[in-house]
Every structure is written in structure tokens, then in C-alpha cells.
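> mind looking at a prediction? Sequence and model below.
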Amino acid sequence: MAKWLVIAKGADFQKIAKEHGISPITARILRNRDVVTDEDIEMYLKADEKYLHNPHLLKDIDLAADIMKQRIEAGDPIRVIGDYDVDGICSSYILLSGIKLCGGNVDVVLPHRITDGYGLSINLVDKAHADGKKTIITCDNGIAAIEQIAHAKELGMTVIVTDHHEVSYSEVDKEKMILPPADAVVDPKRRDDEYPYHEICGAMVAFKFIQVLTEKMGLKKDTALERFFDEMTIFAGWATVCDVMPLKDENRVIVKKSFECISRTENPGVRALLMVNEIEPDKVSCYIYGFVIGPCLNATGRLDTAMRGLELLTETNSNKAARIALELKQLNDERKNMTQQGKDEAMEILDGYGDELPDVLVIYMPELHESLAGIIAGKIREEFNHPVFVITDAGEGLIKGSGRSIESYHMFDALSECRELMTKYGGHKMAAGFSLPKDNLEAFRDALNANSKLTADDFVEIIRLDMELPLRYVSMGLLKELKTLEPFGQGNPEPVFAARDVELVKGRIMGKNANVAKIVVKDPEGQSLDMMVFGSLFDRWNEFLDNNFGVSQREKLYNGGFHDKMVVKIAYQPKINEFRGEESIQIVLKDFLP
């Protein structure tokens, strides 16, 4: 059973509401998200581009842009090397487009997940050199590529790193950064970086690099350049959502701007991808980015080659773009089926533990397609609320894995504590990837659990409630005001409220799989609303009704029969329901108590 926690951060909500033209309810929600100062509140509510931070504040970014300017003017062949996920593809596209705009002779190579592995490899460096490339610029990778960049420098190449992943530190001196020997290293996670907000994705770093580069190249700030950056905003925002960056500070600004720009995009590939998924351009949301079109782009790097995803973004012919988009959707559909099979297998493995799960779940699935390890780790994490590593065979005595974490477990730090067991690792607090000899598997599992400082409380799901809000306070005006707090996502959760003494009046079962409940609920003052129950909560809700009120009473509730009074406490989210042009209020159940 989840633990309910009402966020009780104090402030003068009436004063905030009056000064910023919002309700005290919204003022409380802002305080709960640590949006405190007048400037922060204005930035949050308006999400205007003027609140984007000055890119020149990023350490080494001017140096990197100066070097790139020199290489462009010298006519050097330049290669962008990114990564095979949405952030890697989008950041590569931004760099490719921006360097071309500045007159650079540039191409892109994205690593193949199976043959190259994550990020910059010796093989990719050698291939770039053999292809006559004199300059490499990385994006969404490179900060950990010490050996690979040293090799590139030995070959006489210029290397610029743009990344956003954690920086490694010396085991002897925890304050000493271990940076790759590149000509310039741009990464907001550098400890010597004074950039105001460090939690930006690789595509945002690339976006800011191109902002600085176009200035250095003297490009005229006209309508054409403005349109160019509007298009690039789409990919910076898309990657921000898909890389699960906190939707705080300038991330909220770029994502909101991204929704605005994608509604009028001229990119044939983006338009085709929306079309095959039956998404109207003006209806794009974080959900669409993260769970509809993002996975289509990701599927290329998982089951084919990420270059196919980049090809979609660079395609200028609408008919060809439509064909590629359809292929990507079909790949993603295949990936969904494989993921479900993999999750089922992982659940069977965990059944062997019974009720005594270790703190850190290390699941070895030798036959699993390695590209699915991270997705399945995330799904198992959702089921058990434990940090999860899923590992698969990589051949030649090696195994590879991906991890997904919980809030109280820093995954990158945990891997750093047993780095001697691995051949390669990288990531951040909530997600990581790694390789190690197969013979080290048990030692790896034992080390992670021996080092764990997690307690039983860390595994209990917590429902964080913004406040107790009786149903009578839920109005259309409040819901439209809450929409100004969007986009919701990691770091900016959608508001959740609690209400007590909620009576269940009548309901019915809906959906083609009969797994959705629509129930009329009423508070003690007589305010009635429709409440929706669906997803993984549906079965648990019906079991709760059976246990607390009886099977017959639950059946009468759904079948329109006269039933005993049924009163519960609910955690809920209020929504605006649109149907045939009409708007109405409904609430979505998030959790419940007797």
C-alpha cells in the first residue's frame, strides 16, 4: 500500500496569489515545487524565451565555438558523433544543421548499439580518420571517452566534446575531475561550470553551442535565422522530454516553446511521423513526445540503426519521409511486443526470490535483445520500486546492462563504487549503462547489494499530495489555471489532491477490454463529479471494493442497483474532459484508502 504524503511547504499563499494573479491553490502548488521567488514564479507562469540562460555561461563553449569556426573556415571535414537514443539523434541533427548553416563540411555517424556500443569508440575514431575527417564533435556522449579521445589526438585530430552526462572523478581525490583530453569540453555537469542550471539534455547543450557558433560566424539575426532556431527548438524540447530531464527552470521554457514550434514545423520527417501516429501537430504534448513519437525514433537505435532515425529528420522529400516514418512505427510496434515478452520473463525470474527481494535487483537475461534492457528495467522498477539492472549477453565473454533507479538511489555513484568490476560504464542518478566480464556477474550483484544503504521505507511507493482539496473546490476556472503550469513531467509533476468522505453513487464498466470504470462520486456538500479508474489501478480498485464493501455491493454499484452507502478517501487529479466540442470536469483516481 502506498504512503500518502501531503507536501506542507509554508508561504503566504494569499499574498502570492494576489501579486501574480493566480488562486491560492495554484500558489500552493508552485511553492510545493520550490518555485519561490517572484522571478522564478514569473518564469514558471510565463515560460517565455527571455528566461533561457545565456549560453556563453557554459564552461568552454566559447572556446569550442572558436575552434569550430577555425575548422569551418579552414575547410576541414567535420564529423558529428552522437548516440543512438532520442537525445543522441536530436542533438546530432541540431549540430549537423547548425554547422551546415555556418558553411561547414559536416556529416554524422551514430554508433550501432550492438557493434559499436555507447558513445565514442576507438572504431568510430579510426573510421572518421580513414574517411579523411580532421575534426570530431561529440554530442550526448564523450565525457567518459578518455582513451578514445586520446587516440584521436594521437592521430592529429581536433576533438570537441558536448555532453551532459556525469563527469568522472579521481578515486584518490574526489574533487579532481577526470576530463577527456579534448580541445574543448562543454558539459554543464563539470564542477567548474557556473551555468545556472545543470540538468539539461545533450540536445540542449548542442542547441546552445549552435547559438554561440552562429554568433561567432557573424550570421545575421534575421527572420530566416529565427525560423532556423524555432525548428531546432523542436528537437531540443523533444529530447528534453525523452531523456527524462526535470521540467524545471529553462527546460520548461524550451519544451513549451517546442510544442508551439512543432505545430507549424516544415520538417517533412517530423510531419510524417506525426501523421503515421495520427497526431495533430497542435496536439503534441509530453506524452506524445515520450510515449508515441519518441519511441519510434528510439526503436531505430534499438532494433535497426539510429542512422535511420536521423535519415527521417534530414529527409526533404515528403513521400520518402512518409515511407521512413511508417517503417519506424512498424519497428516500434515490434519493439513493444518484444518488450512485453521480456518483461514477462523478468517477472518469472523475480518470482524465484519470493517475498525476500534484494535491495538492488540484478536480472540476467542472456537471450534478451540488449536494446530492450533499459526499457524492461524501467518497467520492473515501476512494479517493485527497487533499483533495477537488466543484463544480457554481449558475446566474447562480456555482458552488458542498463539500469533504472528510484529517487533514493544514485545509480551512477553506485556503479562508481564497483568500477573495478566493469569494462565501461556511464549515466546519471536515475539511469545508467555498463559492460563487464561475464565472470564478474555475481561479484557485481553482491557488490551493489553490499554497498546499498537503502531501507525498507525507500521501497514504499509515496503518493505526494499537493493538498487536501474537497471536490467542491474543483472548478473549470481552476482547471484552466492549472493548465498554465504545464508541461508536466519529471521534476514538475501534475498536481495530485486528496479528498475524504467521498461517496460512490453509481458507475459502469467501459472499454473494449472492460478495464475502465466510470463512477459518479459525491462529497458531503453534494458536489458530484465523474471519476475515472483505469490502468494498473483498475484491478486493485475492484479488489478494494470487494474487501471493504463486498462483491455484491460492487456489482450493484456498476449495474445500477441499490447499494449500501460506500464512502472512501481518494487521491485524484482533476481534468478537463472534451467530448464533441463540449468541456466537462472529471477526476482521475490515483490512489484510495478506506
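Right, received. Where do you want to start? All values reported here derive from a predicted model rather than from experimental measurement.

> quick check: longest helix of this structure.
helix 318-351 (DSSP state H).

> for G427, what are phi and psi?
phi 140, psi -150 (degrees, to the nearest 10).

> domains of this structure?
55-262, 267-334, 352-459, 462-593 (automatic domain parsing).

> nearest residue to the middle of the chain?
In the chain, the centroid-proximal residue (CA atoms, centre = their mean) is V244; its distance is 1.8 Å.

> so which strand or helix has that one?
If you go by DSSP states H and E, V244 is not part of any helix or strand.

> and it, what is it in contact with?
Contacts for V244 (CB atoms under 8 Å, 6 or more residues apart in numbering) come out as 290, 430-431, 489-490. All C-beta atoms are positioned from the backbone trio N, CA, C, and that covers glycine.

> run through the stretch 351-500 of the chain and note the low-pLDDT ranges.
For the stretch 351-500 of the chain, not a single residue meets the criterion pLDDT under 70.

> next one: the nearest residue to Q148 once chain neighbours are set aside from H151, what distance?
Excluding the flanking residues, the one nearest Q148 by CB to CB, 6 or more residues apart in numbering is L120, at 4.7 Å. Using CB to CB, to the nearest Å, L120 is found at 10 Å from H151.

> pick out whichever of these two has more residues nearby.
L120 (30 against 19; other CB atoms under 10 Å).

> so E266 sits right up against F228, yeah?
No - applying CB atoms under 8 Å, one finds E266 not in contact with F228, separated by 10.8 Å.

> more crowded one of the two?
Taking E266 and F228 together and counting by other CB under 10 Å, F228 has the greater number of neighbours (17 against 10).

> ok, D192 - contacts?
Neighbouring residues of D192 by CB under 8 Å, 6+ apart: 59, 177.

> and the pLDDT at it?
We have a pLDDT of 93 for D192.

> for T300, same thing?
Confidence score, pLDDT, at T300: 84.

> part of a helix, is it?
Yes - counting by DSSP: H, G, I helix; E, B strand; the rest coil, T300 falls inside a helix.

> residue contacts, it?
Counting by CB under 8 Å, 6+ apart, T300 touches 84, 89, 306-309, 328, 331.

> can you flag which of those residues belong to helices?
89, 306-309, 328, 331.

> check those residues for the minimum pLDDT and say which it is.
Ranking the ones in helices among the contacts of T300 by pLDDT puts A306 at the bottom, with 88.

> not counting sequence-adjacent ones, nearest residue to that residue?
That would be Y84: by CB to CB, 6+ apart, it lies 3.7 Å from A306.

> and G290, by the same measure?
With sequence-adjacent residues excluded and distances taken as CB to CB, 6+ apart, G290 is closest to V241, at 5.1 Å.

> state the number of residues packed around the one you found.
By other CB under 10 Å, the residues close to V241 number 28.

> give me every residue that touches it.
Applying CB under 8 Å, 6+ apart to V241 gives the contacts 247, 255, 286, 289-290, 294, 487, 489.

> how long is stretch 452-472 end to end?
46 Å (CA to CA, to the nearest Å).

> what residues sit buried inside it?
Across stretch 452-472, burial judged by 16 or more other CB atoms under 10 Å covers 452, 454, 458, 465-467, 469-471.

> and those, which is closest to L5?
Within those, proximity to L5 (CB to CB) peaks at L465, which comes in at 6.7 Å.

> show me where the stretch 401-550 of the chain has helices.
All helices of the stretch 401-550 of the chain, identified by DSSP state H, counting those that start in this stretch, fall at 411-416, 441-451, 476-482, 537-549.

> which one of the buried residues of stretch 452-472 sits closest to L57?
For the buried residues of stretch 452-472, the nearest to L57 is D466 (32.8 Å; CB to CB).

> ok, now which ones touch the residue nearest to the closest one when sequence neighbours are not counted?
Once flanking residues are discounted, D466 sits nearest to P495: 4.8 Å by CB to CB, 6+ apart. The contact partners of P495, by CB under 8 Å, 6+ apart, come to 29, 466, 482, 485, 573.

> out of these, which is most surrounded?
Ranked by neighbours (other CB under 10 Å), the contacts of P495 are led by I29, which has 24 neighbours.

> and the helix or strand that contains that residue, what other elements does it pack with?
Using DSSP H and E, I29 sits within helix 24-32. Packing partners of helix 24-32 (3 or more CB pairs under 8 Å, 6 or more residues apart in numbering; DSSP states H and E): helix 13-20, helix 476-482.

> with distance to L415 added, can I get those helices in JSON lines?
Shown next, in JSON lines, are those (distance: least, CB to CB, whole Å):
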{"stretch": "helix 13-20", "distance to L415": "42"}
{"stretch": "helix 476-482", "distance to L415": "39"}
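
> go through those helices and name the closest to H164.
helix 476-482 (30.1 Å).

> which strands and helices sit next to the closest one?
Counting contacts by 3+ CB pairs under 8 Å, 6+ apart, helix 476-482 is packed against helix 24-32, strand 567-579, strand 582-593.

> buried deepest among these, which one?
Highest mean neighbour count among the helices and strands packed on helix 476-482 (mean count of other CB atoms under 10 Å): helix 24-32, with a mean of 21.

> got the angle for that helix vs helix 13-20?
100 degrees (axes from the mean of the first three to the mean of the last three CA atoms, to 10 degrees).

> so where is this protein shaky, pLDDT-wise?
The chain contains no residues with pLDDT under 70.

> tell me how far stretch 213-222 lies from the chain's centre.
31 Å (CA atoms, centre = their mean, to the nearest Å).

> how about the nearest residue to M510, chain neighbours excluded?
Ranked by CB to CB, 6+ apart and with sequence neighbours excluded, the top spatial neighbour of M510 is V516, at 4.4 Å.

> for the residue nearest to G290, helix, strand, or coil?
Under three-state DSSP, V241 falls in the helix class.

> tell me how far it lies from D140.
According to CB to CB, V241 stands 15 Å off from D140.

> ditto for T314
From T314 to D140 the distance is 17 Å (CB to CB).

> neighbour-wise, which of those two wins?
Neighbours per residue (other CB under 10 Å) separate T314 from D140, with D140 holding more: 31 against 16.

> quick check on that one: phi, psi?
phi 60, psi 20.

> these two touch, right, it and S91?
Yes - shown here, D140 and S91 form a contact pair, counting by CB under 8 Å, at 4.8 Å.

> mind listing the shared neighbours of the two?
82-83, 201-203, 206.

> quick check, nearest of the residues you listed to H410?
C201 (18.7 Å).

> please name the nearest non-neighbouring residue to that closest one.
Nearest residue to C201 in three dimensions, chain neighbours excluded: D243, at 4.3 Å (CB to CB, 6+ apart).

> how many neighbours does that neighbour have?
Count around D243 with other CB under 10 Å applied: 25.

> state the number of residues packed around the closest residue to P524 other than its chain neighbours.
Excluding its sequence neighbours, the residue lying closest to P524 (CB to CB, 6+ apart) is D501, at 5.1 Å. D501 is flanked by 14 other residues according to other CB under 10 Å.

> residues touching E345, list them.
365, 368.

> what does stretch 556-568 rub up against?
Contacting residues not belonging to stretch 556-568 are listed as 501-504, 506-509, 517, 519, 545, 548-549, 553, 555, 592-594 [CB under 8 Å, 6+ apart].

> great, nothing more from me.
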